[in-house]
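1. quick one: sequence plus predicted model below, questions after.
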Amino acid sequence: MANPTLSKKSDTNLTVNNNTKRLFQVIYREQNQGEKSNDEVPKIKVSELVSKMAFYYEKIRNSVDYKEEHLHRKNAIERILRRHIIIEGAISLKGLDSREIANHLLVELIRAAYLENNKIPETKIDEIEEVLSRYLKLKKYSQEAIRELSIKEKNKFNKWIISLAASDIEEKLGRSKLDLTVMDYLYEILTANIKLPKDSPYEKDKEIQIFAGIHRTLLKFDRDMISHLLFKYYNPNWQSLSDGEIARDGKNILGLRRKIDKQLDHPLAVQLNRIISRYTVFFTVLIDVISEDPRGVYDSIQRDPKAFPRQIKKICSKKYSTARTKLWRAAVRSIIYIFITKSVFAILLEVPATKWFGEEINTFSLIVNISFPAILLFLVVLFTRLPSDANSSKIVQGVEEIIYVEHERKDPFQLRKPVKRKKLMHSVFGLIYGITFFLSFGLVVWVLNLLQFSFVSIIIFLFFLAFVSFFSIRIRKNAKEFIILEPKENIFSFILDFFYVPVVSAGKWLSEKFSRINVFVFFLDFIIEAPFKIFVSIAEEWTRYVKERKDEIV
């Protein structure tokens with residue numbers, strides 16, 4: 001039933017707030033400023049023919065290491081830095097040269113099409129060199145602090161330093177004015193409308209948690225990038241620190257890292273993420289509406305506020321359709337990833353392992369284990385529902401809340417105290433959860449026994465069941481990111497969660513463990529990549545030499 005208050009308000013003139021006007025201005029300027037190019041400034045240019053090899057290599061590399069697409073460039077930066085700093089640095093006799101690494105980094109990113117060719121000024125090398133120099137100094141000055149750590153912990157620490165540098169470089173390579181404007185706008189809304197319990201010990205952490213949550217949800221930062229965000233929060237003058245100050249930070253680096261980890265796993269994060277994710281949808285839709293025609297949309301709001309909801313619903317429909325397309329693409333990527341990195345080894349293992357245990361090869365079970373991941377993911381995507389019209393109406397209300405003065409939120413979000421169960425209750429729930437875990441997998445084992453699966457085939461099937469179930473949750477997350485309405489609970493969903501959650505949890509655990517021992521990633525990163533990049537560099541130098549000789553002849 002329509003809200004009579006909202007209907008009444010829509011009949012009156014509505015006032016667009018100043019933050020929304022600023023958002024209109026930023027989008028309009030970005031669309032009309034044109035591309036500024038100074039041809040006098042030297043640009044970094046690579047051979048387009050040779051770059052195709054690097055581009056296709058990167059595609060293959062990403063197919064065997066399942067990561068979110070928007071993180072590919074940052075992950076590539078981290079991988080390149082790790083190769084130059086840890087691997088090549090360990091065998092180099094002349095030590096690390098931050099400028100040389102910066103130059104190699106930008107060239108490799110251009111070759112892999114993460115940056116545009118002949119568009120990046122050579123002065124960018126100086127910027128990246130300065131960033132790298134600071135983190136290399138921090139790594140050097142931290143060695144005394146980490147001396148007592150185990151080799152495993154030292155490796156994790158060095159990886160963390162490189163991830164900080166990679167995130168910093170990713171930031172230097174471009175953050176749009178629009179993103180910054182939306183972040184400021186959303187931060188202002190949330191800090192004004194989120195309240196903690198009166199006796200909450202986390203009041204001092206509220207603002208930084210909101211800030212981190214916006215980056216995590218709106219900009220889709222991963223844990224390493226949030227870690228870098230917190231690193232800058234605790235080191236506000238990082239860009240201007242002297243060598244002595246960096247040395248001081250190096251001595252205290254473990255304490256700083258503990259503070260960052262504490263914020264990364266903060267008790268408020270889950271509740272804040274739910275709230276921020278709703279506003280992320282509102283802003284994403286609003287930006288798309290404005291981007292279609294900033295001047296026309298603004299005039300339309302002033303003349304006929306009733307037309308604005310129709311524009312929002314139109315964009316929502318486009319978003320839902322795009323989400324479906326992305327869902328299918330993610331499913332295909334997941335199937336390729338699972339088949340290349342998991343299925344091949346599992347199937348190669350099944351036949352000899354079955355013979356080892358003295359059992360007969362079951363062709364039916366072999367076919368099932370090969371086809372099961374693709375079939376399960378296909379069914380998950382097929383039965384994933386798009387958001388409803390009621391969801392679009394809820395988005396309309398949310399967008400109007402952030403743009404109109406008259407619709408601004410009056411009741412703040414009151415966060416709850418993090419749940420702290422008594423040990424007895426926690427133990428009882430843990431026991432029940434353990435029982436559901438064995439019931440879920442036990443039921444599957446019982447069915448597979450009826451189908452005469454061997455012991456080895458059952459283990460492989462359970463592995464794929466858990467693994468693919470977890471991946472199905474991950475790929476559906478993007479399709480569900482525009483859902484605002486809370487799902488209705490029923491007896492069917494309750495029973496499904498009761499048995500399915502333990503399977504997904506097992507899949508998450510397996511994914512985390514097996515991602516660390518991805519043989520294909522290890523092979524590409526440590527065996528293939530370094531020689532391949534050397535070959536590409538030589539090939540480019542050769543094409544440049546041939547071109548020079550040709551110019552001399554002409």
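-> Yep, that arrived.

2. from here on, contacts and neighbour counts on C-alpha atoms
-> Will do.

3. can you give me the strands for the stretch 51-200 of the chain?
-> Per DSSP state E, counting those that start in this stretch, the stretch 51-200 of the chain carries strands over the ranges 194-195.

4. low-confidence stretches in it?
-> 62-67, 87-95 (pLDDT under 70).

5. now with 50, please.
-> Across the stretch 51-200 of the chain, the ranges flagged by pLDDT under 50 are 90-93.

6. how about the top helix by length along the chain: buried residues?
-> In the chain, with assignment by DSSP state H, the single longest helix is helix 307-338. Residues 308-309, 311-313, 315-317, 319-320, 323-324, 326-328, 330-331, 333-338 are the ones in helix 307-338 that count as buried (16 or more other C-alpha atoms under 10 Å).

7. now for that helix, which elements pack on it?
-> If you count contacts as 3 or more C-alpha pairs under 8 Å, 6 or more residues apart in numbering; DSSP states H and E, helix 307-338 packs onto helix 48-63, helix 269-292, helix 294-303, helix 363-382, helix 389-403, helix 455-479.

8. tell me which of these approaches His104 most closely.
-> helix 48-63 (13.3 Å; C-alpha to C-alpha).

9. what number of residues lie near Asp179?
-> Neighbour count for Asp179, taken as other C-alpha atoms under 10 Å: 14.

10. and the host helix or strand of Phe231, average pLDDT?
-> Here Phe231 sits within helix 223-234, counting by DSSP states H and E. The average pLDDT within helix 223-234 is 95.

11. contacts for that helix?
-> The contact list for helix 223-234, computed with C-alpha atoms under 8 Å, 6 or more residues apart in numbering, reads 160, 163-164, 167-168, 212, 215-216, 238, 256, 260-261, 263-264.

12. at 6 Å instead, please
-> Leu164, Ser167 (C-alpha atoms under 6 Å, 6 or more residues apart in numbering).

13. now it: buried residues?
-> For helix 223-234, the neighbour count (16+ other C-alpha under 10 Å) marks Asp224, Met225, Ile226, Ser227, His228, Leu229, Leu230, Phe231 as buried.

14. and the residues you listed as CSV, adding distance to Lys410?
-> As requested, the buried residues of helix 223-234 are exported to CSV (distance: C-alpha to C-alpha, whole Å):
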residue, distance to Lys410
Asp224, 36
Met225, 33
Ile226, 31
Ser227, 33
His228, 34
Leu229, 31
Leu230, 31
Phe231, 34
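
15. Gln271: which of those residues is nearest?
-> Out of the buried residues of helix 223-234, the member with the shortest distance to Gln271 (by C-alpha to C-alpha) is Ile226, at 17.2 Å.

16. now the closest one: how far from Thr280?
-> 17 Å (C-alpha to C-alpha, to the nearest Å).

17. now the element after the lowest-mean-pLDDT helix or strand in the chain, going C-ward?
-> Least confident helix or strand, the chain: helix 4-10 with a mean of 42, by mean pLDDT, DSSP states H and E. Sequence order places helix 18-32 as the next helix or strand after helix 4-10, per DSSP H and E.

18. quick revisit: C-terminal to the helix holding Phe231, what's the next element?
-> Toward the C-terminal end, the helix or strand that comes next after helix 223-234 (DSSP H and E) is helix 243-251.

19. what residues of the following helix or strand past that next one count as buried?
-> Of the helices and strands lying after helix 243-251 in sequence (DSSP H and E), the nearest is helix 253-264. Residues of helix 253-264 classed as buried: Ile253, Leu256, Arg257, Ile260, Gln263, Leu264 (neighbour count, 16+ other C-alpha under 10 Å).

20. one more: stretch 476-485?
-> Using 16+ other C-alpha under 10 Å as the test for burial, stretch 476-485 gives Arg476, Ala479, Lys480, Phe482, Ile483, Ile484.

21. for the first one, which non-adjacent residue is spatially closest?
-> Right, the one you point to is Arg476. Leu327 (6.6 Å; C-alpha to C-alpha, 6 or more residues apart in numbering).

22. one step back: tell me the one of the buried residues of helix 253-264 nearest Ile458?
-> Nearest to Ile458 among the buried residues of helix 253-264: Leu264, at 38.1 Å, using C-alpha to C-alpha.
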